[in-house]
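Novice: no letters, just coordinates:
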Ligand code: B12
Ligand code: SF4
């Protein structure tokens, strides 16, 4: 039995445009979902993982599979349906799973043979068995998996071409920020894989650099932090020789022992959501967690950096509190905090989030011809109506934010600081240049986007 697991491309996602920016070569990440599915698949299936981000293969020249499994974030949905149509025309059954199919079940069910909602661990073997028997059902629900059921991902498939390997050690987040789909999809309970499983899986990864995809590697409660410390101790003891980057909340900075252990275990970079320079902005997003303990972000960032760990700071543009000038304000605040790399994104209503419900109720979702418009839900295009910022205004804010933060003098100053502190100067340089280049690509992309909207006059007027 032959199985294709496909990660659809979206050419509008800047970090996969390797041809236009060679710096992106280091930022094409592995589709871990498909590697985990492969890990759940019995040996009688011959599996190929296709990541269209590395080029769309010539499907007609490939042997016909018995089953196609497609994953998709919302931004990939359009392409997912194109791929599904291709295989269904050939009589191959297509199963779709992942966040988009879960949040937009009816839409997906109209376009594929079967949809798997939720996490797949508890249900995928059943789906495969049903295919073998010729009784594929229209819908399966995996719900939330038992964390101990997560198998080691198949790191042997998809071996080449990526700078980073990928692994997941926890699922779920209790914070439920308004714009984020993680709590809705993976639940509010923070579920932690066993340390033994994680260390064993780390050994299977061939790349020296690894992305730990957890939404918050250290968690928010004392028992989560204690587990993170144990994990880091075990990783250091196992002498894995990996350098890894992860996502965490700002409380990562609050515990010197945690930082020391993380660095000893190979942590070289952390992605932190600061989200808004304004207190009202954080309240609006439901991210009051950032405000606890009367935090001084500059001190927190510096404390992390002293351990040789880069800080990537993420901010959102388009909140109700954001007025003209917010782009410059974010660039300046991020510089004051001292982050090494800034990731600014548009506030985007993703299906299944609280923000989606709110914006839909208020009639603020501007790009709503679905599924075609999903391809713009990359967080790098303005797809909604914002309180104080027009379409032109908000894209100008984004460009001015990037232009200021990624000016050559500022990049040089930061990378010089990285060199001086011996804090990953190379990764910092590549990251800064990749963001700078992508901002230039965005400038062109906005022009094309505006002409797309121009053809849909109604949207322009409403925006
Ligand atoms: C790593 C990651 C990335 C990596 C992607 C690597 C990759 N190619 O997969 C990078 C950094 C590139 C990335 C980019 C983006 N990301 Co991202 N990302 C994540 C993150 C943190 C982890 C994903 C992961 O690997 N999880 C581990 C795997 C094992 O879990 P899983 O993907 O959910 O898969 C399980 C199930 O969903 C299911 N399943 C999945 N696919 C399939 C397919 C079949 C056939 C079946 C049966 C089951 C199944 O089975 C799996 C095992 O249980 C998630 C948050 C999260 N917790 O998932 C956000 C997340 C997926 N990203 C998100 C977003 C918005 C983006 C971006 C649009 C914006 C951005 N700038 O970050 C871009 C878009 C990229 C694109 N190509 O279009 C949103 C997506 C929401 C949505 N509705 O689409 C999430 C949920 C975060 C959030 N804040 O809400 N991301
Ligand atoms: S943005 Fe981060 S902290 Fe907020 S709900 Fe999502 S994963 Fe949790």
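Specialist: Received the coordinates, thanks. Just so it is clear, the model here is predicted, and its values are computed rather than measured. Ligands and ions are numbered 1, 2, ... in the order given.
Novice: excluding its backbone neighbours, what's nearest residue 428?
Specialist: residue 418 (4.3 Å; Cβ to Cβ, 6 or more residues apart in numbering). In this view, the C-beta of every residue, glycine as well, is placed from N, C-alpha and C.
Novice: now for that neighbour, how many residues are close by?
Specialist: For residue 418, the number of neighbouring residues by other Cβ atoms under 10 Å comes to 21.
Novice: wait, doesn't it sit right on residue 431?
Specialist: No: contact between residue 418 and residue 431 fails when scored by Cβ atoms under 8 Å: they sit 10.1 Å apart.
Novice: find the residues that touch each one of these two.
Specialist: Here residue 418 and residue 431 have 310, 340 as joint contacts, going by Cβ atoms under 8 Å, 6 or more residues apart in numbering.
Novice: wait, a helix at the residue nearest to residue 428?
Specialist: Yes: assessed by DSSP: H, G, I helix; E, B strand; the rest coil, residue 418 belongs to a helix.
Novice: residue numbers of the stretch 151-300 of the chain in contact with ligand 1?
Specialist: With the criterion set to Cβ under 6 Å from any ligand atom, the stretch 151-300 of the chain comes near ligand 1 through 168, 180-182, 186, 213, 215.
Novice: ok, so of those residues, who is nearest residue 405?
Specialist: The closest of these to residue 405 turns out to be residue 180 (Cβ to Cβ; 23.1 Å).
Novice: what sits against the nearest residue to the closest one once chain neighbours are set aside?
Specialist: Using Cβ to Cβ, 6+ apart and skipping the chain neighbours, the partner closest in space to residue 180 is residue 353 (6.3 Å). By Cβ under 8 Å, 6+ apart, the contact set of residue 353 is 178-181, 184.
Novice: which of those are close to ligand 2?
Specialist: Near ligand 2, judged by Cβ under 6 Å from any ligand atom, the entries from the contacts of residue 353 are residue 180.
Novice: residue of the stretch 1-150 of the chain nearest ligand 1, please.
Specialist: residue 97 (2.3 Å; Cβ to the nearest ligand atom).
Novice: ok, that residue touching residue 71?
Specialist: Yes: the pair residue 97 / residue 71 is scored as a contact, 6.2 Å apart, by Cβ under 8 Å.
Novice: identify the contacts common to those two.
Specialist: In contact with both residue 97 and residue 71: 33, 37, using Cβ under 8 Å, 6+ apart.
Novice: who's more crowded, those two?
Specialist: Comparing residue 97 with residue 71 by neighbour count (other Cβ under 10 Å), the higher total belongs to residue 97, at 28 against 23.
Novice: and that one, bridged to which residues?
Specialist: Per DSSP bridges, the residues bridged to residue 97 are residue 71, residue 116.
Novice: look up how far residue 162 lies from it.
Specialist: 22 Å (Cβ to Cβ, to the nearest Å).
Novice: and the closest residue to ligand 2 within the stretch 201-350 of the chain, what pLDDT?
Specialist: Closest residue of the stretch 201-350 of the chain to ligand 2, Cβ to the nearest ligand atom: residue 215 (3.5 Å). Reported pLDDT at residue 215 in the predicted model: 97.
Novice: what of residue 262?
Specialist: 98.
Novice: swap in residue 33?
Specialist: pLDDT, residue 33: 98.
Novice: burial check on it, number of neighbours?
Specialist: So residue 33, with other Cβ under 10 Å, has 23 neighbours.
Novice: quick check: it touching residue 71?
Specialist: Yes: here residue 33 lies in contact with residue 71, judged by Cβ under 8 Å, at a distance of 4.8 Å.
Novice: now the strands for the stretch 201-350 of the chain?
Specialist: 209-212, 243-248, 267-275, 310-317, 341-346 (DSSP state E, counting those that start in this stretch).
Novice: can I get those strands in JSON lines with mean pLDDT and distance to ligand 2?
Specialist: Below are these laid out as JSON lines (pLDDT from 0 to 100; distance: least, Cβ to the nearest ligand atom, whole Å):
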{"stretch": "strand 209-212", "mean pLDDT": "97", "distance to ligand 2": "13"}
{"stretch": "strand 243-248", "mean pLDDT": "97", "distance to ligand 2": "7"}
{"stretch": "strand 267-275", "mean pLDDT": "97", "distance to ligand 2": "5"}
{"stretch": "strand 310-317", "mean pLDDT": "98", "distance to ligand 2": "9"}
{"stretch": "strand 341-346", "mean pLDDT": "97", "distance to ligand 2": "11"}
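Novice: tell me which of those lies nearest to residue 377.
Specialist: Nearest of the strands of the stretch 201-350 of the chain (Cβ to Cβ): strand 341-346, 9.8 Å.
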